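**Q** What follows is a predicted protein model with its sequence.
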Amino acid sequence: MTRFLFWIKANPVIGIAAALALGSVAGMLLVNLRVGYFLDRVNERVQVVQQIEAMKRTPVLVPPTTPDQPLRQESIAVNQAAIDELTRAYNRMSREYTEIFKLAVSINQDNHRPMVDGLFPEPRDAGIPFTAKNDYRKALLYMLGLGPAAADMPYPRIIAGEPPAQDKIVEELEALQEVYLKSNFFPPKKIEELVDVEAEALNQVKSRKLIELLQEHARSLQLYAQVDPKNPAEFAMDLGAWVLHGQQPKPEELWEGQMCLWIQQDLIEALARANRVDDPESNVMTAPVKRLLRIRVLPGYVGVDSRGGFEPAENGSRPTGPTPRQTPMAEAAPPATAGPDSMPSDDFSITPSGRLSNPLYDVRHVAVSLVVDAQQLPTLFACLQQVNFMCVLRVELTDVDEYEALRHGYVYGSGDAVQADLLIETVWLRDWTTPYMPGAVAKRLAAAGPRP
């Protein structure tokens with residue numbers, strides 16, 4: 001130690017330099033420590049700022065201002081107040097969706113009962129399917145106004161009928177002719193004794209009487225329709241092959257018949273509204289819908305079995321009318337559940353509405369041919385849309401020759417009549433239909449996906 005001190009005294013410059021060097025090293029170490037600490041704090045603050053900026057720009061889906069619009073994406077500052085507000089909004093929407101779905105089910109199910117108690121999902125006994133055949137016919141005839149009205153019947157009712165029978169018209173005109181010949185000639189003449197002028201006068205009287213008889217009959221009806229089920233080819237309603245054959249219907253046939261009955265029930269309800277059947281003054285002469293030519297429920301579930309009314313014909317063209325009844329049923333996997341949160345996708349390549357059968361609802365198409373007052377077509381379309389979510393997918397209008405119709409006993413009033421061939425979409429929510437479905441039907445529909 002003593003030598004080191006003597007050496008320092010002998011070399012003061014070197015000693016000072018060494019001391020300065022050691023001080024510099026220590027200072028540098030101290031500065032580095034302070035700088036590192038400072039940089040760490042700066043980085044921490046930068047991260048906090050980034051988090052704040054990210055929270056300010058957090059994309060969220062905000063409920064729309066109107067129900068039909070999609071959710072919109074916005075960037076907001078996420079804080080507890082924003083989280084609470086969004087939670088309240090989505091909880092409110094969830095409650096509204098649930099209430100709307102319950103209301104939709106209630107509307108869809110309204111007055112749609114099984115045609116016979118104990119028929120679904122499997123017949124309670126062997127005699128019930130035969131009872132269903134008879135009750136199905138009675139329901140169709142009741143809806144066309146045949147038989148006495150009953151308050152306990154769930155079906156709509158419109159007084160329909162055919163033109164007056166030819167023999168009745170002939171009888172009335174012969175009676176008129178006999179009176180005319182006796183009251184206008186003395187002594188009375190026979191028809192073959194009339195000269196041309198006299199015969200022409202008689203023909204004019206008979207023509208006026210004929211028009212009077214036809215108009216009087218038209219005023220007694222709310223709709224023209226073929227109402228005799230003994231002639232299925234001409235019967236206005238869809239009777240179904242399962243009703244006509246003598247064998248016991250299978251559960252799948254019974255279910256298809258039930259769907260056809262419900263669909264026709266809704267159509268008659270719409271026609272009854274359009275023709276204002278509750279108004280005692282309403283009749284064929286003034287009503288929008290003059291004649292029901294034909295109802296045919298198209299076979300199969302749209303998107304599962306077929307494209308419904310848009311199934312291409314064998315030659316590649318679009319079909320122009322109803323196809324024959326078919327009842328294709330097969331077994332598959334267990335049914336899937338559905339509820340208000342299910343969001344079926346649309347496919348506009350199959351139907352104009354884009355709606356296909358899915359776990360939430362089934363889609364069926366029905367073809368209807370009517371004679372309608374051309375100026376009152378909007379009334380008909382409005383009434384169709386008011387009943388059970390029905391949607392008109394296609395309309396084909398053809399001019400009607402009123403004079404030719406008159407020759408067959410049809411009087412359509414003073415307006416221009418057109419034949420309207422409609423393709424109508426009907427929707428059936430599975431929330432209430434599935435419990436009625438036979439097991440094979442429910443399994444098949446649950447397993448089958450939309451057909452391309």
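**A** Now that the structure is in, tell me what you want to look at.
**Q** and the closest residue to residue 82 other than its chain neighbours, how far is that from residue 47?
**A** Excluding the flanking residues, the one nearest residue 82 by Cβ to Cβ, 6 or more residues apart in numbering is residue 76, at 5.7 Å. (Each C-beta comes from the backbone N, C-alpha and C, glycine too.) Counting by Cβ to Cβ, to the nearest Å, the separation of residue 76 from residue 47 is 21 Å.
**Q** Compare those two (neighbour count), which wins?
**A** residue 76 (15 against 10; other Cβ atoms under 10 Å).
**Q** Read off the pLDDT value for the more buried one.
**A** Per-residue pLDDT puts residue 76 at 70.
**Q** Then residue 319?
**A** So, for residue 319, pLDDT stands at 45.
**Q** cool, residue 309 as well?
**A** On the pLDDT scale, residue 309 gets 88.
**Q** Correct me if wrong: it contacts residue 368.
**A** No. Using Cβ atoms under 8 Å, residue 309 is not in contact with residue 368, being 10.7 Å away.
**Q** And the helices in the stretch 101-250 of the chain?
**A** In the stretch 101-250 of the chain, the helices defined using DSSP state H, counting those that start in this stretch lie at 128-143, 166-184, 196-219, 241-244.
**Q** Provide the contact partners of the last one at residue level.
**A** This means helix 241-244. 133, 136-137, 232, 249, 253-254, 256-257, 325, 327 (Cβ atoms under 8 Å, 6 or more residues apart in numbering).
**Q** in it, what counts as buried?
**A** Neighbour-count burial for helix 241-244 flags 242-243 (criterion: 16 or more other Cβ atoms under 10 Å).
**Q** Repeat that for stretch 97-115.
**A** 101, 104-105, 108-109, 112, 114-115.
**Q** Repeat that for stretch 278-285.
**A** 282-284.
**Q** What ranges in the stretch 251-400 of the chain fall below the confidence cut-off?
**A** For the stretch 251-400 of the chain, the stretches with pLDDT under 70 are 313-343.
**Q** all helices for it, in order.
**A** Under DSSP H, counting those that start in this stretch, the stretch 251-400 of the chain gives helices at 251-274, 377-386.
**Q** Spell out the residue ranges of the strands in the stretch 301-450 of the chain.
**A** Using DSSP state E, counting those that start in this stretch, the strands assigned to the stretch 301-450 of the chain run over residues 361-373, 391-399, 417-429.
**Q** Nearest to residue 128 among the ones you listed would be which one?
**A** strand 417-429 (22.4 Å; Cβ to Cβ).
**Q** Let me know the angle separating the closest one from strand 361-373.
**A** Angle of strand 417-429 versus strand 361-373, following axes from the mean of the first three to the mean of the last three Cα atoms, to 10 degrees, is 160 degrees.
**Q** Neighbouring strands of strand 417-429 in the sheet, and parallel or not?
**A** Sheet pairing of strand 417-429 (DSSP bridges) gives strand 361-373 (antiparallel), strand 391-399 (antiparallel).
**Q** Can you tell me which of the ones you listed is packed in deepest?
**A** Comparing those by mean neighbour count (mean count of other Cβ atoms under 10 Å), strand 361-373 comes out on top with a mean of 23.
**Q** sorry, back to before: taking the helices of the stretch 101-250 of the chain together, which one is wrapped up most tightly?
**A** Using mean count of other Cβ under 10 Å, helix 128-143 ranks as the most buried of those, with a mean of 19.
**Q** Just the CA atoms from that helix would do, formatted as PDB, please.
**A** Output of helix 128-143 as PDB, limited to C-alpha atoms (Å, rounded to 0.1, in the frame of the first residue of the first chain):
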ATOM      1  CA  ILE A 128    -109.200 -43.800 -37.200                       C
ATOM      2  CA  PRO A 129    -107.400 -43.600 -40.700                       C
ATOM      3  CA  PHE A 130    -110.700 -44.500 -42.400                       C
ATOM      4  CA  THR A 131    -112.500 -41.900 -40.200                       C
ATOM      5  CA  ALA A 132    -109.900 -39.400 -41.400                       C
ATOM      6  CA  LYS A 133    -110.800 -40.100 -45.100                       C
ATOM      7  CA  ASN A 134    -114.400 -39.200 -44.400                       C
ATOM      8  CA  ASP A 135    -113.700 -36.200 -42.300                       C
ATOM      9  CA  TYR A 136    -111.200 -34.900 -44.900                       C
ATOM     10  CA  ARG A 137    -114.000 -34.900 -47.500                       C
ATOM     11  CA  LYS A 138    -116.400 -33.300 -45.100                       C
ATOM     12  CA  ALA A 139    -113.900 -30.500 -44.300                       C
ATOM     13  CA  LEU A 140    -113.400 -29.600 -48.000                       C
ATOM     14  CA  LEU A 141    -117.100 -29.600 -48.700                       C
ATOM     15  CA  TYR A 142    -117.800 -27.500 -45.600                       C
ATOM     16  CA  MET A 143    -115.300 -24.900 -46.700                       C
END
